[in-house]
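Asker: got a sequence here, can you build the structure:
(one chain, ligands or ions: 1)
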Amino acid sequence: MSQLSLKVQGLSKSYDSNQALHCLNLDAYAGEVLAVLGKNGAGKTTFIHSVLGLQSYKADVVEILGERMSGQSRSLDIRQRVGVMMQVGALNANLTVYEQLDLFCSYYPHGEQVADLLEQFGLTKIAKQRFGKLSGGQRQQVLFAIAVAGKPELLFLDEPTVGMDVEARHALWEQIQQRRQLGCAIVFTTHYIEEAERLADRVAILREGEIVAYGTLAEVIAGHPSLEAAYLHHIKQVPSQEPAHA
Ligand SMILES: Nc1ncnc2c1ncn2[C@@H]1O[C@H](COP(=O)(O)OP(=O)(O)OP(=O)(O)O)[C@@H](O)[C@H]1O
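Answerer: Here you go, the predicted model:
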């Protein structure tokens with residue numbers, strides 16, 4: 001088995017009375033892609049934000065790249081070795097693509113060079129455009145380039161291909177595969193089940209904050225014609241017991 005990059009045991013999160021995550025156990029390994037699937041509101045983003053320490057949570061174990069986390073704090077070393085694809089609103093819309101990449105590359109002593117990122121992601125032509133003026137798909141590409149600027153060993157991607165055209169989506173899939181081959185552990189969420197089927201080595205399906213299926217792609221699909229069929233089966237609500245009529 002490859003090296004364990006992320007170990008999560010007994011992760012729970014409540015927003016007031018709404019329990020968004022119920023005692024989750026999940027692992028991610030170096031050189032593999034883990035797809036976390038689930039309906040809107042199933043808890044996918046809450047899982048990622050909790051692991052990153054962006055919000056409070058309860059857990060028995062959160063271990064990132066061999067280091068046990070305590071509370072929400074994440075050391076500089078961990079922050080430099082973990083990549084995250086941020087949401088659009090997190091970036092200054094007035095900076096150009098070049099300036100954004102230059103800023104983020106400066107955070108990492110052994111990260112990528114701006115010129116290499118521009119070339120790898122086909123961003124050279126739009127390098128001088130302001131981030132706020134880009135199309136939705138172009139913004140996603142810049143956000144992905146920023147996520148890998150530090151050559152991360154563990155990478156979190158929350159719906160990375162939303163708004164991308166087919167060509168850009170294929171290019172991003174290729175980038176994900178390349179990072180995997182370099183030994184990066186990738187945890188991503190998506191509503192495109194065929195994307196998960198294409199990319200994932202292992203799959204976790206969340207329903208109302210609980211894991212209802214978890215295993216290799218083949219294990220999760222087993223007994224179903226496709227991942228989509230398995231997914232639809234697992235996210236179905238279990239009907240609550242109707243009270244017996246008197
Ligand atoms: N900041 C917040 N405050 C209160 N409730 C929240 C907050 N963020 C998420 N929730 C709730 O937690 C639950 C899980 O939300 P989450 O955003 O993790 O789901 P998701 O699976 O990422 O959904 P989507 O696919 O729509 O992005 C939902 O019931 C949501 O309403």
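Asker: any idea which helix or strand comes after the lengthiest helix in the chain?
Answerer: Longest helix of the chain, by residue count under DSSP state H: helix 166-181. Scanning forward in sequence from helix 166-181 by DSSP states H and E, the next helix or strand is strand 185-189.
Asker: packing partners of that following strand?
Answerer: Contact analysis of strand 185-189 by 3 or more C-beta pairs under 8 Å, 6 or more residues apart in numbering; DSSP states H and E lists strand 4-15, strand 18-29, strand 33-38, helix 44-51, strand 154-158, helix 166-181 as its packing neighbours. The way it works is simple: take the backbone N, C-alpha and C, and place the C-beta from them, glycine included.
Asker: now the angle from that strand to helix 44-51?
Answerer: For strand 185-189 against helix 44-51, the angle by axes from the mean of the first three to the mean of the last three C-alpha atoms, to 10 degrees is 140 degrees.
Asker: which residues does strand 185-189 contact?
Answerer: With C-beta atoms under 8 Å, 6 or more residues apart in numbering as the test, strand 185-189 has contacts from 5-6, 28-38, 44-45, 48, 153-160, 176, 179-180, 199.
Asker: mind putting the helices and strands packed on strand 185-189 into JSON lines with distance to the ligand?
Answerer: JSON lines is the format used below for the helices and strands packed on strand 185-189 (distance: least, C-beta to the nearest ligand atom, whole Å):
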{"stretch": "strand 4-15", "distance to the ligand": "3"}
{"stretch": "strand 18-29", "distance to the ligand": "4"}
{"stretch": "strand 33-38", "distance to the ligand": "5"}
{"stretch": "helix 44-51", "distance to the ligand": "3"}
{"stretch": "strand 154-158", "distance to the ligand": "7"}
{"stretch": "helix 166-181", "distance to the ligand": "18"}
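Asker: just the ones you listed: most buried one?
Answerer: Between the helices and strands packed on strand 185-189, strand 33-38 has the highest mean count of neighbours, a mean of 26, where neighbours are mean count of other C-beta atoms under 10 Å.
Asker: so what secondary structure elements neighbour it?
Answerer: If contacts are counted by 3+ C-beta pairs under 8 Å, 6+ apart, strand 33-38 sits against strand 18-29, helix 44-51, strand 185-189, helix 193-199, strand 202-207.
Asker: would CSV of these with mean pLDDT be doable?
Answerer: Output for those, formatted as CSV (pLDDT from 0 to 100):
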stretch, mean pLDDT
strand 18-29, 96
helix 44-51, 96
strand 185-189, 97
helix 193-199, 96
strand 202-207, 97
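Asker: in this protein, what spans have low per-residue confidence?
Answerer: By pLDDT under 70, the weakly predicted segments of the chain are 1, 237-246.
Asker: before we move on, the earlier item: out of the helices and strands packed on strand 185-189, nearest to Ala115?
Answerer: Evaluated with C-beta to C-beta, these place helix 166-181 nearest to Ala115, the distance being 16.6 Å.
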